[in-house]
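A.B. asks: below are the sequence and a predicted model; questions follow.
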Amino acid sequence: MHFKKTILKNGLRVVTAPMKDTNTVAVIVAAAAGSKYETKSVNGISHFLEHMFFKGTKKRPKTKDISGELDAVGGEYNAFTGKEQTAYFAKVDARHFDLALDVISDIYLNSKIEEKEIEKERGVILQEINMYEDTPMIQAGDIFEELLYGDQPAGWEIIGTKENIKNLKRPDFLKYLRENYTAPNTVVCVAGNIEEQKAIRKIGKIFAGMPKKANGKKPKVIEKQNAPRVKIKKKKTDQCHLVLGARAFDMFHPDRFALSVLANILGGTMSSRLFLSVRERLGLAYYINASYESYTDSGYLAVRAGVDTDRKKIEKTVKTIIGEIKKIRDKKVSPKELQKAKDNFRGKMALSLESSDDIAGYLAGQELAKKKIEIPDKILARVDKVSPDDIMRVAKEIFVNDKLNLAIIGPVEDKRYLEKILYI
């Protein structure tokens, strides 16, 4: 993977990745500003602001002026907000690179954030909240993070609360922009069929006016737990959705590679331990998987599953998951199973970095979070060094009772029976 990092005088970082064998180009502009950067009274503002960036600029006064230009050339474009970043992107035919850069930079630098548009967008976001309320499979993850982190930014939902969405005012948005959308807090990445030096000069000219200011501050995550914990959100559903997991490592921890491989063995594929035991042998769930989620200052391993609402089947599913956790903690994985997981990791990484937008997203995400870019070959080299002893050592470190958590959403009346079986 070839790329170049350029730092402008104002501290803004530019990452360019020429790809001569593609006919496309992707532009992404990202800010290290997500829900972890919010205070409680404005929780949800990062995501709300993302919406507002598509409501008009001086050059493109209306939403249709922004979308229309990219639609006219068959472009793909969107934005997303996370716990630690917000990003805006477009992918177009390489002949339309200038247009994509102009549109994305325009909304990032020149959005009007008009009061009348804020009022209209409130209704949109309130309906988005309702949509998530009706999507328990997704909501289970938010409940799990709330259980882990409680009443601090890491435990709040990215979309915010209905009360906040109803009360946010234009000065709140402008203050948040000043504090977080700064040059040192911004990464611009372009990947695809580009002339690299020309692209860097264009980006430098467009973003040179951004002031060099101190970055917004993100409070450090506080981790507190001394026993297994269960959190239930009672809701009338046809299926219970659960997340069972353990506190683990942040994205800088040296054992993150071993934990990634462990998660793959446990539930990363349709031939993984959990898939075979919970779904294929016992028929308890349609979906079940395990993944390692990491942030700059926190992380966890989570097993997700959708199961029957019958109490006995929920109990059996939880016991089976715990049983598989105990096995991988107490007995070394075989060299054959370990190699299979490594090969799967390698293959998935290759597939995830095929296109210009894949490359742009990867590079921007790495640079934004870590202020450096770990190239895939080095990551794969670290994964290749993971041993059976490493897997067992990491499993013994994270799979302990005072790191174990279970979140469930569904028509569950009583959590006491779950508390009795949630131990390892």
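C.D. replies: Okay, I see it. Nothing here was measured: the structure is a model prediction, and the numbers come from that model.
A.B. asks: low-confidence regions, the stretch 301-424 of the chain specifically.
C.D. replies: Regions of the stretch 301-424 of the chain meeting the criterion pLDDT under 70 are absent.
A.B. asks: and the strands in the chain?
C.D. replies: Remark: strands assigned in the chain by DSSP state E are 4-7, 13-18, 24-31, 76-81, 86-93, 186-192, 229-234, 240-247, 285-294, 299-307, 404-410.
A.B. asks: now those strands as JSON lines including mean neighbour count and distance to residue 219?
C.D. replies: From N, CA and C alone the C-beta is placed, and that goes for glycine too. What follows is those, written out as JSON lines (neighbours: other Cβ atoms under 10 Å; distance: least, Cβ to Cβ, whole Å):
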{"stretch": "strand 4-7", "mean neighbour count": "14", "distance to residue 219": "27"}
{"stretch": "strand 13-18", "mean neighbour count": "22", "distance to residue 219": "24"}
{"stretch": "strand 24-31", "mean neighbour count": "27", "distance to residue 219": "18"}
{"stretch": "strand 76-81", "mean neighbour count": "17", "distance to residue 219": "18"}
{"stretch": "strand 86-93", "mean neighbour count": "23", "distance to residue 219": "18"}
{"stretch": "strand 186-192", "mean neighbour count": "28", "distance to residue 219": "21"}
{"stretch": "strand 229-234", "mean neighbour count": "17", "distance to residue 219": "22"}
{"stretch": "strand 240-247", "mean neighbour count": "25", "distance to residue 219": "18"}
{"stretch": "strand 285-294", "mean neighbour count": "19", "distance to residue 219": "18"}
{"stretch": "strand 299-307", "mean neighbour count": "24", "distance to residue 219": "17"}
{"stretch": "strand 404-410", "mean neighbour count": "24", "distance to residue 219": "21"}
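A.B. asks: adding distance to residue 200, write those out as JSON lines.
C.D. replies: As requested, the strands of the chain are arranged in JSON lines below (distance: least, Cβ to Cβ, whole Å):
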{"stretch": "strand 4-7", "distance to residue 200": "5"}
{"stretch": "strand 13-18", "distance to residue 200": "6"}
{"stretch": "strand 24-31", "distance to residue 200": "13"}
{"stretch": "strand 76-81", "distance to residue 200": "22"}
{"stretch": "strand 86-93", "distance to residue 200": "18"}
{"stretch": "strand 186-192", "distance to residue 200": "9"}
{"stretch": "strand 229-234", "distance to residue 200": "48"}
{"stretch": "strand 240-247", "distance to residue 200": "41"}
{"stretch": "strand 285-294", "distance to residue 200": "30"}
{"stretch": "strand 299-307", "distance to residue 200": "34"}
{"stretch": "strand 404-410", "distance to residue 200": "46"}
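A.B. asks: hang on, residue 308 packs against residue 240?
C.D. replies: Yes. Look at residue 308 against residue 240 with Cβ atoms under 8 Å: they come within range, at 7.0 Å.
A.B. asks: residues that sit against both of these two, list them.
C.D. replies: With contacts taken as Cβ atoms under 8 Å, 6 or more residues apart in numbering, residue 308 and residue 240 have residue 314 as neighbours in common.
A.B. asks: how far away is the residue with the largest distance to the centre of the chain from residue 250?
C.D. replies: For the chain, the C-alpha farthest from the mean C-alpha position belongs to residue 312; by Cα atoms, centre = their mean, that distance is 33.3 Å. Using Cβ to Cβ, to the nearest Å, residue 312 is found at 38 Å from residue 250.
A.B. asks: equivalent analysis for residue 23, please.
C.D. replies: Distance, residue 23 to residue 250, by Cβ to Cβ: 38 Å.
A.B. asks: same question, residue 157
C.D. replies: For residue 157, the distance to residue 250 equals 21 Å [Cβ to Cβ].
A.B. asks: residue 17 now?
C.D. replies: Distance from residue 17 to residue 250, counting by Cβ to Cβ: 26 Å.
A.B. asks: now for the closest residue to residue 45 other than its chain neighbours: which residues touch it?
C.D. replies: Across the structure, with Cβ to Cβ, 6 or more residues apart in numbering as the measure, the residue nearest residue 45 apart from its sequence neighbours is residue 176 (5.3 Å). Residues touching residue 176, when contacts are defined by Cβ under 8 Å, 6+ apart, comprise 33, 38, 42, 45-46, 49.
A.B. asks: from those residues, pick the one nearest residue 373.
C.D. replies: Each of these was checked against residue 373 using Cβ to Cβ; the closest is residue 33, at 19.8 Å.
A.B. asks: and the closest residue to that closest one other than its chain neighbours, how many neighbours?
C.D. replies: Counting by Cβ to Cβ, 6+ apart, residue 180 is the residue found nearest to residue 33 once chain neighbours are left out, at 3.7 Å. For residue 180, the neighbour count with other Cβ atoms under 10 Å is 24.
A.B. asks: show the pLDDT at the most centrally placed residue in the chain.
C.D. replies: The geometric centre of the chain, computed from its C-alpha atoms, lies nearest to residue 82 (Cα atoms, centre = their mean), at 5.6 Å. The pLDDT attached to residue 82 in the predicted structure is 98.
A.B. asks: check residue 215 too.
C.D. replies: Confidence at residue 215, expressed as pLDDT, is 71.
A.B. asks: which of the contacts of residue 176 sits closest to residue 256?
C.D. replies: Distance from residue 256 was checked for each of these by Cβ to Cβ. The minimum falls on residue 33, at 23.7 Å.
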